[in-house]
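Novice: Provided below for reference: sequence and predicted model.
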Amino acid sequence: MVILPASKVKIGTKSAFIVLLKINLVELLLSNLRIIYFVPGKAGSILLLAIDIGNTNIVFGVFSDKSLVADWRLATDRNRTADEYGVLLKELFNLSGINMKSVEAIVISSVVPPVNALIESMAKKFFHLNPILVGPGIKTGISIKADNPREVGADRIVNAVAAYSLYGGPLIIVDFGTATTFCCVTARGEYLGGAIAPGIGISTEALFSRAAKLPRVELIKPPSVIGKNTVTAMQSGIIYGFAGQVEMLVKRMKEELGEEAKVIATGGLARVMAQEVAVIDKIEPNLTLIGLRIIYERNRAAVHGGQPCR
Ligand SMILES: Nc1ncnc2c1ncn2[C@@H]1O[C@H](COP(=O)(O)OP(=O)(O)O)[C@@H](O)[C@H]1O
Ligand SMILES: CC(C)(COP(=O)(O)O)[C@@H](O)C(=O)NCCC(=O)O
Ligand SMILES: [K+]
C-alpha cells in the first residue's frame, strides 16, 4: 500500500489529491481486511495443527481449511521437554498473530518414536487436545503393498498420500531428509515401496568428521565439476554425486514400474538438489504437511465423531 504524504501532492491539483486520498483509504481498508483474512484465529476460524516429526527437524504447519497459513521448523531433540516445545510453539504462534486457542485438532506423523510422547504431552498441556498419530487404525486412503506395511515410515506414507492426491500416479517421491527416501506409487494409488539411502546431510557430516583435513563445506554448487581446491572438490562430490544417485535410482525405478512416472521432490534439501537433477518434475516443500491435512480430513469423522476433540 502506498500513502503519498500530502506535501508531495502538487498545489493546484486539489481534485487529484482527493482522488489519491480516496484510493489510499480504500487500499487501507482492503489491506486491513487482508490482515484479518490471513491471520486466522483472529477471525475465529478453526485451525488444524499438523506436526511432522523427522529425525533432524520437527515441522509444524497450521492449516485454515486447505491453506497452510504458517509453518515452522524446530530441531528434533529428544532431550527437550514438552514444556520447552510448548513455549517455543506459543512464541511462534504469537509472532505470527495466530491464536493458539483456535487450533481444534492436531495430527502427527512421526519416525522418531521416543519424541512422540513428548509432543503428545505438549499437545495436551498447551492445546488441550488429543492428537491423532498416523499409524495402524488410521485411514490413509492408499493401499500399502510393502512386505510389512507397519514398518514403512509414516512420513513416506503421508508423502505418498499428498503426492497422489496432488498429481495422481504413477509417481516417484524423493524426500531429501535425514535419509534420502524414494517411494513408488502406482497409477491406481498403491504404495509399492522404494529405496532408503543415507541422507546428504549425514553423509557429508561423516566425511568431514572422519577425514582430518576435510572442512565443513556449504552445500552449494561449485563453479565446475572438476574442483580446483578442497572445498570445491568436496562440493562437486556431494552435489553431483547425490544428483547422480537420484538420477540412477529414478531411472531404474521407472524401468521397473514400466511407466513414465512423475517425480516429486520434498525435504530440507530438495531445492538445492532439484537444480541439479533434471528428472525431478516438481518440488513440494510442504508435501508431508499437506498429506497430514488430507489424512486428518479422511479420519476426522471416525476419530471425533465429527466433533472437535477438546
Ligand atoms: N530450509 C532448509 N534449507 C536448507 N537445508 C535444510 C532446510 N531444512 C532442513 N535442511 C537440511 O536438510 C536436511 C534434512 O532436513 P529435514 O528434511 O528437515 O529432515 P528430517 O525430515 O529427516 O527431519 C538436514 O541436513 C537439514 O540441515
Ligand atoms: C527412512 C526414514 C529414516 C526417513 O526419515 P527422515 O529422513 O524423514 O527423518 C523413516 O521413514 C523411517 O524410519 N522409516 C522406517 C523404515 C521404512 O520406511 O521402511
Ligand atoms: K521427513
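Specialist: Noted; the coordinates are in hand. Ligands and ions are numbered 1, 2, ... in the order given.
Novice: where exactly do the strands run in the stretch 51-200 of the chain?
Specialist: Ranges of strands within the stretch 51-200 of the chain are 57-64, 67-75, 103-110, 132-133, 143-144, 171-176, 179-185, 190-198, based on DSSP state E, counting those that start in this stretch.
Novice: what about the last one and ligand 2, any contact?
Specialist: Think strand 190-198. Yes: for strand 190-198, a contact with ligand 2 is found by Cβ under 6 Å from any ligand atom, at I196. Yep, even glycine has a C-beta here, placed from its N, CA and C like the rest.
Novice: helix, strand or coil for the nearest residue to E247 once chain neighbours are set aside?
Specialist: What sits nearest to E247 in space, not counting adjacent residues and going by Cβ to Cβ, 6 or more residues apart in numbering, is V279, at 5.6 Å. Assigned by DSSP: H, G, I helix; E, B strand; the rest coil, the conformation of V279 is coil.
Novice: tell me which parts of the stretch 51-200 of the chain are close to ligand 3?
Specialist: Within reach of ligand 3 by Cβ under 5 Å from the ion, the stretch 51-200 of the chain has these residues: G54, D155, G177.
Novice: which of the residues you listed fall within helices?
Specialist: When DSSP state H is applied, these are split such that D155 fall in helices.
Novice: mind putting the residues of the stretch 51-200 of the chain next to ligand 3 in JSON lines, pLDDT and neighbour count included?
Specialist: Shown next, in JSON lines, are those (pLDDT from 0 to 100; neighbours: other Cβ atoms under 10 Å):
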{"residue": "G54", "pLDDT": "98", "neighbour count": "23"}
{"residue": "D155", "pLDDT": "98", "neighbour count": "28"}
{"residue": "G177", "pLDDT": "97", "neighbour count": "26"}
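Novice: between the residues of the stretch 51-200 of the chain next to ligand 3, which sits nearest A212?
Specialist: Of all these, the one sitting nearest A212 is G177; the distance, using Cβ to Cβ, is 28.4 Å.
Novice: contacting residues for that closest one?
Specialist: Contacts for G177 (Cβ atoms under 8 Å, 6 or more residues apart in numbering) come out as G54, N55, T56, D155, G199, G267, G268.
Novice: and which of those is nearest to K254?
Specialist: Here the nearest of the contacts of G177 to K254, counting by Cβ to Cβ, is G267; it sits at 20.3 Å.
Novice: let me know how buried that closest one is, in neighbour terms.
Specialist: Number of residues near G267 (other Cβ atoms under 10 Å) recorded here: 29.
Novice: any figure for the gap between the residue in the stretch 101-250 of the chain that ligand 3 sits nearest to and L89?
Specialist: The nearest approach of the stretch 101-250 of the chain to ligand 3 comes at G177, 3.8 Å away (Cβ to the ion). Distance, G177 to L89, using Cβ to Cβ, to the nearest Å: 21 Å.
Novice: and what of G268?
Specialist: Per Cβ to Cβ, G268 is found 20 Å from L89.
Novice: who has more neighbours, those two?
Specialist: Applying other Cβ under 10 Å to G268 and L89 shows that L89 carries more neighbours, namely 23 against 19.
Novice: give the closest residue to the residue of the stretch 101-250 of the chain closest to ligand 3 in space, chain neighbours not counted.
Specialist: Once flanking residues are discounted, G177 sits nearest to G267: 4.4 Å by Cβ to Cβ, 6+ apart.
Novice: got the contact list for the one you found?
Specialist: Contacts of G267 by Cβ under 8 Å, 6+ apart are V174, D175, F176, G177, T180.
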